[in-house]
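Novice: from the sequence below, what's the structure:
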Amino acid sequence: MECEYFEHVAQYQIAVCKRCRHGVIPSQIQGHLQRVHRVKLQQAEEIAERVGSWPRVAEYASKIAVPKESVPLINELPVYNNRLLCQVEPACRQILRSKGVMRNHWKTAHSWSVAGKGGRPSRVAGRRVQARIQQGARAVYCQRLFVQGQGSQFFEVQPSSQEEEGARSVPADGNAAWAQVGEAMEQAWENVKRRAQSTIREGERDEVNPWVERTQWLPYLVGMERADLMACIEEPVAEPDPRSDNEAEPVEAAIWAAMDGLTRFSQSSVIERVGIFVRLEAIRTEKQQTQFKPLQPYMDKEAIVKHTRPWQQVLIFFARTQKEHGWKSPQYRLKRRQREAWEALVHKAERAAGGEAEERETEADEQMDKEADHNLETDKEMEVDETDQATEAAPDQSAASARPKKLSRIQKACLEFCIALLDHRITRREYDSPLVCALAVLGVKEEGWKGPEQYPPILSAVIKTARFMVVQQGLELSGADLADLRDSGEETDDFDNSAYDSGPSPSPRRRPKGCLQLVQQMMDRFMVRGSHGPMQWMLDLRTYGLKIHYNTTSRGHVEWSGDE
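Specialist: A predicted model of the protein is given here:
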């Protein structure tokens, strides 16, 4: 199907439209087919996906090397024989369409003039001017890969004898010439619109819709290239792919995989390791709120993969903007705790990318875990007052359920950084939060912004995954708190008979905080409305977007089933 519209020029890594006879980058194929060739949306998407999977097709025009010297003719592209090549300086390979434009180029680029002085030249001086014109430029056959944007400059080619006779040259008759002028004007207008869409520009107040005004994406991302922002949140590859030019990013790929594993582990903890009270706390959106429906896990494997992706994109945004890069990126500032957590995560990712295996737990840690399990079983026996039959059934149930394995070290570092991003109190502007800055990039599209129909589901995925991580953090901290008390020699019993002693009152014994208490504190601190953090920004923006979505009449869609 794709071969009907496009052909592959592997030498220059481009896909050429057969009907228009110019290159089209993969990200613009769908729009090109719909706008120029009136192809239906579903078919255009399928063709764009297939062409994008071709080997050696550059994803962006910036990755294509335009020839700087004379090269053999490219049969898939048209040949122009009415262009001028600048020869004032050997390094200048500028090809322009007319003598007037070339004279302006000589003046601005080379400070060179054919006449040398003003006024009308004499007959002798005129001949000298013509000689200087011939010296400064020569007519060439040329082609170009694209008709607009980067990579659309002309380059010299060496045509065969048939092309020299005009078999493949641009038509010179009147009707064909006017048709070509019309096409050129249309392409120029498309170029103006595309440039305005590719670079985020400051718009007038009355041109910005209420949704973008509410998100404040425009003033934060103004002046940046949409293609660069979208590329910085793409999934990294751990090893180079011979079918593409993507560079291997092993550290970034390790962080991407760690976030996936952390989300899966946290969801398993919500299912297997906590009860209804913790899940009711984790679902709250307000302080002092009573919920009756607990936090629910995702239904299937594909759902968790899909809903983990926004958090993966957030982390990969920081990974690619924290290192040196050659494109203009959004400005943000990490707080000290966030900076330390990020450096720890990068360190663990570098070790994982280097092939170092996770260190095994020491014998002391294993012994600590066994003692913790024994103490927890003892507490349960003291607190639970049930029948003998229920008491005997409990060991069978605990034995049947395998104890979940622990988080890896890189997953723990990933959890710490995500919690540090969430635990950020905003005192002036919402974009003082690095998490809000990263989420703004997730709202960028190739042409425009993700609106109230597309962005709230992304926020919902980020919010729900954050709740999973808060529960997991509560489990991690509750285990660490119990270990600290045990190391200090303090008792962890809930009953204290010191009030009945005749001696002086001892210092009060600190009771360990359980997962429920820790989750409750974290929820009140940075996970509910009123906390003035990134979570409140997400909750309020999601509510605003859903309100627009459900109160706005959407466009109608008509689909055909066969002839009906």
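Novice: what's stretch 248-257 in contact with?
Specialist: 235-240, 312, 315-316, 319-320, 345-346, 349-350, 352-353, 410, 414 (C-beta atoms under 8 Å, 6 or more residues apart in numbering). Using the backbone N, CA and C atoms, a C-beta is placed for each residue, glycine as well.
Novice: if you could redo that for stretch 270-287, that was the one I meant.
Specialist: With C-beta under 8 Å, 6+ apart, stretch 270-287 has contacts from 291-295, 297, 401, 404, 467-468, 470-471, 474-475, 515-516, 519-520, 523-524, 527-530, 539.
Novice: that one: end-to-end distance?
Specialist: End-to-end distance for stretch 270-287: 21 Å, by C-alpha to C-alpha, to the nearest Å.
Novice: ok so, going back, weed out the non-buried ones from the contacts of stretch 248-257.
Specialist: Buried members of the contacts of stretch 248-257, counted by 16 or more other C-beta atoms under 10 Å: 236-237, 312, 315-316, 319-320, 345-346, 349, 352-353, 410, 414.
Novice: pretty sure residue 269 contacts residue 472?
Specialist: Yes. Under the criterion of C-beta atoms under 8 Å, residue 269 makes contact with residue 472 at 5.2 Å.
Novice: between those two, who's got more neighbours?
Specialist: A count of neighbours by other C-beta atoms under 10 Å puts residue 472 above the other of residue 269 and residue 472, at 28 against 22.
Novice: so how far is the helix or strand where the more buried one lies from its chain's centroid?
Specialist: Assessed by DSSP states H and E, residue 472 sits inside helix 455-488. Using C-alpha atoms, centre = their mean, to the nearest Å, the mean C-alpha position of helix 455-488 is found 25 Å from that of the whole chain.
Novice: likewise stretch 48-65?
Specialist: Per C-alpha atoms, centre = their mean, the centroid offset for stretch 48-65 relative to its chain is 19 Å.
Novice: what does it contact?
Specialist: Against stretch 48-65 from outside (C-beta under 8 Å, 6+ apart): 1-2, 6, 8, 10, 12-15, 25-27, 29-30, 33, 145-146, 149-151, 227, 231, 242-245.
Novice: switch to 7 Å and redo it
Specialist: The contact list for stretch 48-65, computed with C-beta atoms under 7 Å, 6 or more residues apart in numbering, reads 2, 6, 8, 10, 12-15, 25-27, 29-30, 145-146, 149-151, 227, 243, 245.
Novice: list buried residues within the residues you listed.
Specialist: The buried subset of these - by 16+ other C-beta under 10 Å - is 2, 6, 8, 12-15, 25-27, 29-30, 145-146, 150-151, 227.
Novice: distance of residue 96 relative to residue 283?
Specialist: 65 Å (C-beta to C-beta, to the nearest Å).
Novice: state the distance from residue 43 to residue 52.
Specialist: Separation of residue 43 from residue 52 (C-beta to C-beta): 15 Å.
Novice: between these two, which one's more packed in?
Specialist: The neighbour comparison of residue 43 against residue 52 (other C-beta under 10 Å) goes to residue 52, with 17 against 14.
Novice: may I have the phi/psi pair for the more buried one?
Specialist: phi -60, psi -20 (degrees, to the nearest 10).
Novice: tell me the pLDDT of it.
Specialist: What the model reports as pLDDT for residue 52 is 86.
Novice: for residue 274, give me phi and psi.
Specialist: According to degrees, to the nearest 10, residue 274 has phi -130, psi 160.
Novice: look up the closest residue to the residue sitting nearest the centre point of the chain, ignoring the ones flanking it.
Specialist: The geometric centre of the chain, computed from its C-alpha atoms, lies nearest to residue 233 (C-alpha atoms, centre = their mean), at 2.1 Å. With sequence-adjacent residues excluded and distances taken as C-beta to C-beta, 6 or more residues apart in numbering, residue 233 is closest to residue 313, at 4.0 Å.
Novice: over to the one you found. Which of the three states is it?
Specialist: Here residue 313 is recorded as helix under DSSP: H, G, I helix; E, B strand; the rest coil.
Novice: now do residue 139
Specialist: From three-state DSSP, the assignment for residue 139 is strand.
Novice: where does the closest residue to it other than its chain neighbours fall, phi/psi-wise?
Specialist: Distances taken as C-beta to C-beta, 6+ apart put residue 84 closest to residue 139, at 6.1 Å, once the chain neighbours are dropped. Main-chain torsions, residue 84, degrees, to the nearest 10: phi -120, psi 140.
Novice: what pairs with residue 84 across the strands?
Specialist: Taking DSSP bridges as the rule, residue 84 bridges to residue 96, residue 139.
Novice: which element is the residue lying closest to residue 322 once chain neighbours are set aside on?
Specialist: Nearest residue to residue 322, sequence neighbours excluded (C-beta to C-beta, 6+ apart): residue 342, at 7.0 Å. Residue 342 is part of helix 336-353 when elements are defined by DSSP H and E.
Novice: packing partners of that helix?
Specialist: helix 250-272, helix 409-422 (3 or more C-beta pairs under 7 Å, 6 or more residues apart in numbering; DSSP states H and E).
Novice: the same query, at a cut-off of 8 Å, please.
Specialist: helix 250-272, helix 301-322, helix 409-422 (3 or more C-beta pairs under 8 Å, 6 or more residues apart in numbering; DSSP states H and E).
Novice: okay, now the unreliable bits of the stretch 451-564 of the chain?
Specialist: Residue ranges of the stretch 451-564 of the chain with pLDDT under 70: 480-511, 553-564.
Novice: among the buried ones among the contacts of stretch 248-257, which one lies nearest to residue 438?
Specialist: Comparing these against residue 438 with C-beta to C-beta places residue 315 closest, at 8.4 Å.
Novice: now for the closest one: which residues touch it?
Specialist: Taking C-beta under 8 Å, 6+ apart, we find residue 315 in contact with 255, 256, 259, 414, 417, 418.
Novice: hmm, try it at 10 Å
Specialist: Taking C-beta atoms under 10 Å, 6 or more residues apart in numbering, we find residue 315 in contact with 233, 252, 255-256, 258-259, 342, 345, 349, 414, 417-418, 421, 438.
Novice: domain assignment for this protein?
Specialist: 2-63, 71-172, 226-358+404-490+511-550 (automatic domain parsing).
Novice: quote the end-to-end distance of the last one.
Specialist: Across domain 226-358+404-490+511-550, the straight-line distance between its terminal residues is 28 Å, by C-alpha to C-alpha.
Novice: number the chain from 653, please
Specialist: I'll keep to 653 as the first residue from here, and by that count the last item is domain 878-1010+1056-1142+1163-1202.
Novice: distance from that domain to the middle of the chain?
Specialist: Per C-alpha atoms, centre = their mean, the centroid offset for domain 878-1010+1056-1142+1163-1202 relative to its chain is 14 Å.
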